[in-house]
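Visitor: Attaching a predicted model along with its sequence, questions to come.
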Amino acid sequence: MSDIPSQVQDIETLIKLQEAETEIVRLKSILEKFEKEKNKLGAKLKQFGTALDENKENFSKAAEVCRDLEREIQMIDDRIVKSNEKLRMVKTNKEYQLFLREVDDNKKRKDALETELIERLDEKEKIEGMAQESQKEFNLLEAQIESEQKEIEKKTIEDRELLDEYLERQAKIGKTLDPSLMNRFNRISKMNQGLAVVNVKNEVCMGCFMNIPPQLYIEVQRGKSLISCPQCSRILYHIKK
Ligand SMILES: [Zn+2]
């Protein structure tokens, strides 16, 4: 029978393909874990950044309130100066009383605003302190997270290189397989977390750990055709020892 050697060859190729696939799944899972760790650190920094932005925003609002008050006080000061000038030029007592009251009202308003300004400046200072503190914390955290992320990068260099190697190997092996067999492998692998070709030991499938019928076991042992596990559909092989 001329097709026997090709089936034997197929199963050998499939075993090699499975070795590559297993490594690929393992490495991808490690790299994914590191990627998640990196992302988590990034999210933590972002959260801190948001808090920092809020503090900065609060400070600029407080500063604006102070500037507005200062501007208003300046305006009232100007008005007081003008009223005083008018006072010096009044001709009637009635006018005199009027401008005097104007000056008086403005002075009262100015006093009130100055009291408010003192409170607001105090508040602004506190907020500024908070913003500076939060900036310091952010800078520290940023440096720390950057170095942690770099550390993760360093740790994954070898794994990423290894993954590329196995992906290359997988592609090379894939080319030597019949496309329909390759599709079958990929389909089964997808259904079974990357494990498509498994050993059978003592009539037990090492993929799903279920017993396979004795007749099927004999066929697997012969290795003359590709047998699938009736439970999990994985392609079975048997190593003779
Ligand atoms: Zn099975």
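Guide: Good, I have the coordinates.

Visitor: Would you tell me which strand is longest in the protein?
Guide: strand 197-201 (DSSP state E).

Visitor: so how far is that one from its chain's centroid?
Guide: Taking CA atoms, centre = their mean, to the nearest Å, the mean C-alpha location of strand 197-201 is offset from the chain mean by 39 Å.

Visitor: Can you list the neighbours in contact with the helix or strand just after that strand?
Guide: Where DSSP states H and E defines the elements, the next helix or strand beyond strand 197-201 is strand 204-205. Residues from elsewhere that reach strand 204-205 (CB atoms under 8 Å, 6 or more residues apart in numbering): Val198, Met210, Asn211, Ile212, Cys229, Gln231, Cys232, Arg234, Leu236. Where you see a C-beta, it was placed from the backbone N, CA and C, and this is true even at glycine.

Visitor: taking the residues you listed one by one, which sit in strands?
Guide: Using DSSP E, these in strands are Val198, Leu236.

Visitor: which of the contacts of strand 204-205 are close to the ion?
Guide: Cys229, Gln231, Cys232 (CB under 5 Å from the ion).

Visitor: For these, could you give me TSV that also reports pLDDT?
Guide: Putting those into TSV (pLDDT from 0 to 100) gives the following:
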residue	pLDDT
Cys229	96
Gln231	94
Cys232	94
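
Visitor: For the protein, which residues are neighbours of the ion?
Guide: Cys205, Gly207, Cys208, Cys229, Gln231, Cys232.

Visitor: Just give me the neighbour total for the last one.
Guide: Right, Cys232. Cys232 has 18 neighbours, counted by other CB atoms under 10 Å.

Visitor: and what of the fourth one?
Guide: The tally of other residues near Cys229 (other CB under 10 Å) stands at 22.

Visitor: what does Asn39 give?
Guide: Close neighbours of Asn39, defined as other CB under 10 Å, add up to 11.

Visitor: still on that earlier bit, any chance of the residues of the chain next to the ion in JSON lines, plus distance to Leu141?
Guide: Putting those into JSON lines (distance: CB to CB, whole Å) gives the following:
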{"residue": "Cys205", "distance to Leu141": "51"}
{"residue": "Gly207", "distance to Leu141": "46"}
{"residue": "Cys208", "distance to Leu141": "47"}
{"residue": "Cys229", "distance to Leu141": "52"}
{"residue": "Gln231", "distance to Leu141": "51"}
{"residue": "Cys232", "distance to Leu141": "48"}
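
Visitor: Show me which pair in these is furthest apart.
Guide: Farthest pair in the residues of the chain next to the ion (CB to CB) is Gly207 and Gln231. Separation: 8.3 Å.

Visitor: quick one: which of these two has more around it?
Guide: More crowded of Gly207 and Gln231, by other CB under 10 Å: Gly207, with 21 against 13.

Visitor: Tell me the spacing between that one and Ser233.
Guide: Gly207 sits 9 Å away from Ser233, going by CB to CB, to the nearest Å.

Visitor: can you check Ala20 too?
Guide: 20 Å.

Visitor: same question, Leu226
Guide: From Leu226 over to Ser233 (counting by CB to CB), the distance is 12 Å.

Visitor: Could you do Leu195 as well?
Guide: Where Ser233 is concerned, Leu195 sits at a distance of 11 Å (CB to CB).
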